[in-house]
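Asks: With the sequence up front, the predicted model follows.
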Amino acid sequence: MFDVIRIPAFKDNYIWLLRKGAAATVVDPGDARPVLEVLERERLTLASILVTHHHADHQGGVAELLAHHRAEVFGPAAEAIAGINRPLRGGETIQPAGCDSSFAVLAVPGHTLGHLAYYGAGCLFCGDTLFAGGCGRLFEGTAVQMAASLACLAALPDETVVYCAHEYTQANLRFALAVEPGNRYLQLRAAEVTAARASGQATVPSTIACEKASNPFLRCAEPEVVAAAQRHGAAAADAVAVFAALREWKNGF
């Protein structure tokens, strides 16, 4: 099993480094500099890179990392990302070099059309599809696609540790409370997150169980969530209509 190191980048990104012995796998390196600093400090060799999607804050550091390390680069075949030498479409099982765990590659379109997530060893690296308390915007895909992608991730074991790519939790939970103010678990989680951020602590990772209990985008069948979505334009009570209304509401929240 690998250790996971959180590497902050930009304003609110997280790059994830998986360490096994002296080898490292990096997930979504939007910026090479902080990754190179950790590799040097920890005396690690970068063996593999996993990319979830093409946005620059997730893959902009790949070229510079490859200038310093000979690494294999996994990523979506359907998106234009320089440096990928192991293109993927979802449905594959991979074992990155230098890592003793295999990962199922999940196609999770919605935020972008080729977005991938990587699930293995009880860990989910989901980029911008599922956030702690929220989900990504629909920049390229449809509500139907994103609702299906989130349902795929929600079906993973409850104990799955969710490593998303941004520190958005506090803002996400403010919206979640507007959607489902009667959710006691959500109330407690929001208070814990507020305290953590006040002391400068990260709120990621979370778990699938936590998200299913408090993330409105995974709770589209709950009566209070359905009612809130219908007050904000949902034309029906089915999961896709509720999700679409919530996502549009969140866009302007």
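Replies: Done, it's in. In this text the structure is predicted, and so the values were computed from the model without any measurement.

Asks: Could I get the full set of helices for the stretch 51-200 of the chain?
Replies: Here the stretch 51-200 of the chain has its helices, by DSSP state H, counting those that start in this stretch, at 56-59, 62-68, 143-154, 169-179, 184-198.

Asks: Can you tell me which of the ones you listed is nearest to residue 233?
Replies: Closest approach to residue 233 among these is made by helix 143-154 (12.1 Å; C-beta to C-beta). All C-beta spots, glycine's among them, are computed from the backbone N, C-alpha and C.

Asks: which residues touch that closest one?
Replies: Surrounding helix 143-154, the residues in contact under the criterion C-beta atoms under 8 Å, 6 or more residues apart in numbering are 106-111, 113, 115, 117, 124, 126, 129-130, 135-136, 138, 208, 211-212, 217-218, 220, 239-240, 243-244, 247.

Asks: Make a markdown table from the helices of the stretch 51-200 of the chain and add distance to residue 84 and mean pLDDT to it.
Replies: Below are the helices of the stretch 51-200 of the chain laid out as a markdown table (distance: least, C-beta to C-beta, whole Å; pLDDT from 0 to 100):
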| stretch | distance to residue 84 | mean pLDDT |
| --- | --- | --- |
| helix 56-59 | 9 | 98 |
| helix 62-68 | 8 | 97 |
| helix 143-154 | 21 | 98 |
| helix 169-179 | 30 | 98 |
| helix 184-198 | 35 | 98 |
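
Asks: can you count the residues close to the spatially closest residue to residue 143 that is not a sequence neighbour?
Replies: Among residues not flanking residue 143 along the chain, residue 244 sits closest, at 3.8 Å (C-beta to C-beta, 6 or more residues apart in numbering). If you count neighbours by other C-beta atoms under 10 Å, residue 244 ends up with 23.

Asks: Residue 244 contacts residue 234, correct?
Replies: Yes: in terms of C-beta atoms under 8 Å, residue 244 counts as a neighbour of residue 234; the distance is 7.2 Å.

Asks: if I look at these two, which residues touch both of them?
Replies: Common neighbours of residue 244 and residue 234 (C-beta under 8 Å, 6+ apart) do not exist.

Asks: which stretch among the helices of the stretch 51-200 of the chain comes nearest residue 163?
Replies: helix 143-154 (11.9 Å).

Asks: Show me what counts as buried in that closest one.
Replies: 143, 145, 146, 147, 148, 149, 150, 152, 153, 154 (16 or more other C-beta atoms under 10 Å).

Asks: What is the nearest of those to residue 16?
Replies: Distances from residue 16 to those, taken by C-beta to C-beta, are shortest for residue 153, at 16.3 Å.
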